[in-house]
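Enquirer: Provided below are the primary sequence and the corresponding predicted coordinates.
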Amino acid sequence: MFREMRRFKQKMEDEECIALLQNGKRGILAVLGEEGYPYTVPLNFVYEDGKLYFHSAKEGHKIDAIRKCDKASFCILSEGVPEPDDWWYHFDSVVVFGRVKPVEDRNLVREKLEALGRKYMPAEDTIKEEIEKYGDRTAVLELVIEHMSGKRVREK
């Protein structure tokens, strides 16, 4: 169902892909938007147990698109390292495909908001304050990964 990577010599192993997903800071979620146009949005995320989690508003373009079609892809790039004395960067990327849905269980929502907070916020008390303040208005989206591929770009 999913294509094999054409440039197989640059393929990353699953463990390397997971490491980038665990340590990466931001990625781009792609869904099928209005009128069949792709809709992409940069998001913070956390990877846990083979799934990606994102925080979201409870309504808007992204949520409307997910309600119509739950298929999505998510892409992340490493920071990259410039080639000395030249213009190109060496970088790693991971693309995942799967199905995304809002998390309904409020305990799981809180758990994933806390996980996102630990990844992005400086202090535990800040995490709790933010969840208390905005938690009821915040959705958590879960992307169950069906296919994952990573590519290591090291070419001139």
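Expert: In hand now; what should we look at?

Enquirer: now for the helix or strand bottoming out on mean pLDDT in the chain, which elements pack on it?
Expert: Using mean pLDDT, DSSP states H and E, strand 81-82 stands out as the lowest-scoring helix or strand of the chain, at a mean of 75. In terms of contacts (3 or more Cβ pairs under 8 Å, 6 or more residues apart in numbering; DSSP states H and E), strand 81-82 is packed against strand 89-102. Every C-beta, even on glycine, is put in place using the N, C-alpha and C of the backbone.

Enquirer: mind listing what's buried along the strand it packs on?
Expert: Buried residues in strand 89-102, counted by 16 or more other Cβ atoms under 10 Å: 92-98, 100.

Enquirer: need the strands for the chain, in chain order.
Expert: Secondary structure of the chain (DSSP state E): strands at 26-32, 38-44, 46-48, 51-57, 71-77, 81-82, 89-102, 138-153.

Enquirer: other SSEs contacting the last one?
Expert: What it means is strand 138-153. For strand 138-153, the elements it packs on are helix 14-23, strand 51-57, strand 89-102, helix 106-120, judged by 3+ Cβ pairs under 8 Å, 6+ apart.

Enquirer: try it again with 6 Å
Expert: When contacts are defined as 3 or more Cβ pairs under 6 Å, 6 or more residues apart in numbering; DSSP states H and E, strand 138-153 sits against helix 14-23, strand 51-57, strand 89-102.
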